[in-house]
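Participant: predicted coordinates and the sequence they were generated for:
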Amino acid sequence: MNEKTALVTGADGGLGIHVTKALLDAGFLVTGLAPKIQQSDFDRPGFTALPARLDSLEAAKQSADAVMTKFGKIDVVAHLVGGFAGGPSVTETDDATFRRMFEMNVDSAFHILRAVLPHMRKAGTGRIIAIGSRAAESPGPGVGAYSASKAALVSLIRTVALENKNSGITANVILPGTIDTPANRKAMPGADTSHWIQPAAIGSLIVWLATDAAKDVTGAAIPVYGRDM
């Protein structure tokens, strides 16, 4: 099979829809993972829906095994699963919120990485791309739990890059500013959206990072800030 395969987690989200379409347009065979995703969400011959969660290593392994059973390989993982909580200061943030941010933004990545890396190492090739946040490197008030979890994700991806630099595997994390998604528009109805990052731009970057053209790019935390530098 010469066609490249890509596993997109969070494929039916505001960003995931654009990333999935971009990879499909580029000729990838895309498996879209999300709890409620359906085959009809992407009416394309190269798309496979995989309704699943990444709340445990076992669940992640089952998802990776499903891709391997169908395609025999996992060339690319675009990990988009994540969540946001903000508002309270660090002193006012409760344990449940702090733990939830790490479960959504770090644990999910940890699980899928452990599930797919053995397959990539065996194949001698692989591309891992995760979505972080500008807040990982430029935290602000009221987002302590979120920014801490995204900073941990950056560290995790960079560690994977170092551990696999001689295995034909690259691992990079994208740090976008505010992405122009329906959820963000609903959450910030009065915001100036003209400076927000378009999801299609991130999709194009992911496609490039997934190709052989980006084989020498690994361990990078790539800022995508637009005009809000």
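Facilitator: Good, I have the coordinates. Numbering: from 1, shown residues only.

Participant: report the buried residues of the longest helix along the chain.
Facilitator: Secondary structure of the chain read by DSSP state H shows that its longest helix is helix 144-163. Taking 16 or more other CB atoms under 10 Å as the neighbour-count basis, helix 144-163 is seen to contain the buried residues 144-154, 156-158, 160-161. Bear in mind the C-beta positions are built from the backbone N, C-alpha and C, glycine included.

Participant: contact partners of the lowest-mean-pLDDT helix or strand in the chain?
Facilitator: Using mean pLDDT, DSSP states H and E, helix 182-187 stands out as the lowest-scoring helix or strand of the chain, at a mean of 88. For helix 182-187, the surrounding residues in contact (CB atoms under 8 Å, 6 or more residues apart in numbering) are 13-14, 178, 191, 193, 196.

Participant: how about stretch 12-23?
Facilitator: Counting by CB under 8 Å, 6+ apart, stretch 12-23 makes contact with 6, 8-11, 30, 32, 34, 36-37, 41-42, 47, 76, 78, 80, 131, 179, 181-184, 199-200, 202-204, 206-207, 210, all of which sit outside it.

Participant: got the buried residues for the one helix or strand residue 96 maps to?
Facilitator: Remark: residue 96 resides in helix 95-102, with elements defined by DSSP states H and E. Under the neighbour-count criterion of 16+ other CB under 10 Å, helix 95-102 has 97-98, 100-102 buried.

Participant: that helix - contacts with which helices or strands?
Facilitator: Contact here means 3 or more CB pairs under 8 Å, 6 or more residues apart in numbering; DSSP states H and E; on that basis helix 95-102 packs against helix 144-163.

Participant: give me the next element, helix or strand, following the helix holding residue 96.
Facilitator: Per DSSP H and E, the first helix or strand lying C-terminal to helix 95-102 is helix 108-123.

Participant: pLDDT averaged over that next one, what's the number?
Facilitator: Regarding helix 108-123, the rounded mean pLDDT is 98.

Participant: centre of the chain versus the helix holding residue 96, how much separation?
Facilitator: 19 Å (CA atoms, centre = their mean, to the nearest Å).

Participant: same thing with stretch 209-216?
Facilitator: What separates the centre of stretch 209-216 from the centre of its chain is 17 Å, taken as CA atoms, centre = their mean.

Participant: if we can go back for a sec, of the contacts of stretch 12-23, which belong to helices?
Facilitator: Mapping those onto helices (DSSP H) picks out 182-184, 199-200, 202-204, 206-207.

Participant: residue 225 and residue 181, how far apart?
Facilitator: When distance is defined by CB to CB, to the nearest Å, residue 225 is 16 Å away from residue 181.

Participant: equivalent analysis for residue 157, please.
Facilitator: Relative to residue 181, residue 157 is positioned 22 Å away (CB to CB).

Participant: do the same with residue 119
Facilitator: In this structure, residue 119 and residue 181 are 31 Å apart, going by CB to CB.

Participant: residue 104 now?
Facilitator: Here the distance between residue 104 and residue 181 works out to 16 Å (CB to CB).

Participant: so residue 225 and residue 181 - more neighbours on which side?
Facilitator: Comparing residue 225 with residue 181 by other CB atoms under 10 Å, the one with more neighbours is residue 181, at 19 against 14.

Participant: what about the residue nearest to the more buried one when sequence neighbours are not counted, neighbour count?
Facilitator: Across the structure, with CB to CB, 6 or more residues apart in numbering as the measure, the residue nearest residue 181 apart from its sequence neighbours is residue 14 (2.9 Å). Per other CB under 10 Å, the neighbour tally for residue 14 reads 16.
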